[in-house]
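Q: Fold the following for me, if possible:
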Amino acid sequence: MLNTMASHTVSSNPNGMPAGLPGLPKADYRNAMARLGAAVNIITTDGPAGRAGFTASAVCSVTDEPPTLLVCLNRSASVYPAFKANGVLCVNVLAAGHQSLSALFGGKTPMDERFAAGRWSRKTTGSPMLDDAAVSFDCRVMHATSAGTHDVLFCEAVSIAIGGAAQGLIYFDRRYHEIAVPPQH
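A: Numbering: from 1, shown residues only. Next up is the predicted model:
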């Protein structure tokens, strides 16, 4: 069935939708996506185009061979040129208590102020790695593809740093939620 579907061509309208299917209202889609809980991450880079970072929840694992994540980045974001030119990044998965740091990197705060709010180190790529993140994936961007307003960056992890406590920060229903593994007795 999949092979048949893969080779089947469907005529579409100028928006890329198959002919005859109604478009989904943007507000409905955004409200539905608010119910898709996701880890909160700060994505950072440094290199010839400078240091930059932004908050993202559109991050996920692709494969473990080679270890690959994907990160979605809006092409109209002020940080886009730095990420595109540097070709490296670090996915810093936020831990409980990082709500204010997430807000700084998610707004219009100047870069120097964003980075001054955390403690950072560097590994293989030179991208800033948050010292108290739940986990950090130091990556090189291997491939990018465009989808709507965003680029999907496929990033190979070249080193990792795992935080001390099993805790995280999730964004669900337009609010932060802290999660933690209960202590074992």
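
Q: Hmm, residue 37 and residue 171 touching each other?
A: Yes: in this structure residue 171 lies within contact range of residue 37 using CB atoms under 8 Å: 6.9 Å. In short, each C-beta sits where N, CA and C put it, glycine included.

Q: Below-threshold pLDDT in the chain: ranges please.
A: 1-20 (pLDDT under 70).

Q: quick one, phi/psi of the closest residue to residue 96 other than its chain neighbours?
A: Excluding its sequence neighbours, the residue lying closest to residue 96 (CB to CB, 6 or more residues apart in numbering) is residue 178, at 3.8 Å. Backbone torsions of residue 178, given as degrees, to the nearest 10, read phi -90, psi 140.

Q: Near residue 178, how many residues? Count them for me, please.
A: Residue 178 has 14 neighbours, counted by other CB atoms under 10 Å.

Q: tell me the contacts of it?
A: 96-97, 167-170 (CB atoms under 8 Å, 6 or more residues apart in numbering).

Q: same question, residue 149
A: 74-76.

Q: and with 6 Å instead?
A: By CB atoms under 6 Å, 6 or more residues apart in numbering, the residues touching residue 149 are residue 74.

Q: quick revisit: in a markdown table: the contacts of residue 178, plus neighbour count and distance to residue 80.
A: Formatted as a markdown table, these follow (neighbours: other CB atoms under 10 Å; distance: CB to CB, whole Å):
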| residue | neighbour count | distance to residue 80 |
| --- | --- | --- |
| 96 | 16 | 29 |
| 97 | 12 | 29 |
| 167 | 16 | 31 |
| 168 | 21 | 27 |
| 169 | 23 | 24 |
| 170 | 16 | 26 |
